[in-house]
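J.: Turn this into a structure:
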Amino acid sequence: MKVLETVLPGVLIIEPKVFADARGFFLESYQAERYRQLGIAHTFVQDNHSRSARGVLRGLHFQRSRPQGKLVSVSRGSVYDVTVDINPASPTCGQFVAVELNDENHRQLWIPPGYAHGFCVLSDIADVQYKCTDYYIPEDEGGLLWNDPQVNIPWPIEQPLLSAKDQRNPTLAQLLDGNA
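T.: Here you go, the predicted structure:
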């Protein structure tokens, strides 16, 4: 495996070793001891799978009191995946990491608990899987406005398809001021 550190503490881009030939490919998508050696010693308690169409933007989501760490990958299609530091005590608060995850590069993104996460779909359809370190609790969910000018994410789509909830997410300033 190749591991790339990012500007956000603990956020890693992981490139698994892929064994490919004329028949297709094989890769080990998760192995507890190997990931533990990378510093990902969390227990995963929930696996999620979403399918979305081109132009869909999901996020930016987080859980307030029971944050989830996520190991994200794409088995079909391509997404522009974004992680934002929303911790007011962090020196990188307001900064983000963006990476293309797709079914050709097989990259994974490790997002430790406490970050906001979202993605937009670049292909006709994308299947995104993520292993989570805590259970999803609807009443604990928070969000960050996808196009917050303070964060200034260069999304590769101009008019994304958003849920009604994601259209109403607060800005980082509102989150940090407690007005969200």
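J.: The residue most central in space within the chain sits in which helix or strand?
T.: A centroid search over the chain (CA atoms, centre = their mean) returns residue 117, at 4.3 Å, as the residue closest to the centre. Of the helices and strands defined by DSSP states H and E, residue 117 is found in strand 115-121.
J.: before we move on, what about residue 34?
T.: helix 32-37.
J.: Residues touching the following helix or strand past that helix, excluding its own?
T.: Heading C-terminal from helix 32-37, the first helix or strand you meet, by DSSP H and E, is strand 46-53. Here strand 46-53 makes contact (CB atoms under 8 Å, 6 or more residues apart in numbering) with 58, 76, 121, 124-132, 134-136, 161. (Glycine included, C-beta is placed from N, CA and C.)
J.: if you average pLDDT over strand 46-53, what comes out?
T.: Averaged across strand 46-53, the pLDDT comes to 97.
J.: just the angle between the next helix or strand after it and strand 115-121, please?
T.: The first helix or strand that comes after strand 46-53 along the chain, using DSSP H and E, is strand 57-63. Strand 57-63 runs at 170 degrees relative to strand 115-121, counting by axes from the mean of the first three to the mean of the last three CA atoms, to 10 degrees.
J.: partners of strand 57-63, with directions?
T.: Looking at strand 57-63 with DSSP bridges, its partner strands are strand 115-121 (antiparallel), strand 141-143 (antiparallel).
J.: and the longest one, how far out from the chain's middle?
T.: Looking back up the chat, that one is strand 115-121. Centroid separation for strand 115-121 versus its chain: 5 Å, with CA atoms, centre = their mean, to the nearest Å.
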